[in-house]
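Visitor: what's the 3D shape of this:
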Amino acid sequence: MLASGAAIAADEKLFSIKANKALYADHTAVGKAPSGRDFRVYYGAGGTVKYVDSKGNTQRGEWLLTDDGMMCYDWKKWRDRCYSHRQEGTYLQSYRDGKIKGSKFRLVKGDIGLK
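Guide: Numbers count the residues shown, from 1 in each chain. Below is the predicted model:
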């Protein structure tokens, strides 16, 4: 369940992240990577982003929204990428170039880190 209580159409269409900025700002994406690792990505209200996973990998950078509603990451060490998202049940799924890229995740209010 999306902890913020924000409503997103469940029609499985890609939605504008820009129009839903409040859904991400000061929220943590909680998910499990295809490798089986648990991960957390915190989206700071000021545009900072930080990643941590259960294997101990960490990363910091910035997140921004494009005019066409894509979320882009400017990571310190990793390749920068842009994604759109689709609501799939109680989770969000990342897409790039019309294909599933990344893991399903849910959003939780605040910076919850990896617990």
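
Visitor: C-alpha from now on. contacts and neighbour counts both.
Guide: Noted.

Visitor: Going by neighbour count, list what's buried in stretch 66-80.
Guide: By neighbour count on 16 or more other CA atoms under 10 Å, the buried set for stretch 66-80 is Gly69, Met70, Met71, Cys72, Tyr73, Asp74, Trp75.

Visitor: same deal with stretch 86-101?
Guide: Across stretch 86-101, burial judged by 16+ other CA under 10 Å covers Arg86, Gln87, Tyr91, Leu92, Gln93, Ser94, Tyr95.

Visitor: pretty sure the fourth one is touching Arg86, no?
Guide: Yes - counting by CA atoms under 8 Å, Arg86 is a contact partner of Leu92 at 5.5 Å.

Visitor: is the closest residue to Thr58 other than its chain neighbours in a bridge, and if so with what?
Guide: The shortest distance from Thr58 to any residue other than its chain neighbours is 4.4 Å, reached at Val52 (CA to CA, 6 or more residues apart in numbering). Val52 has the following beta-bridge partners by DSSP bridges: Arg40, Thr58.

Visitor: neighbours of Val52, just the number please.
Guide: Other residues within reach of Val52, judged by other CA atoms under 10 Å, total 17.
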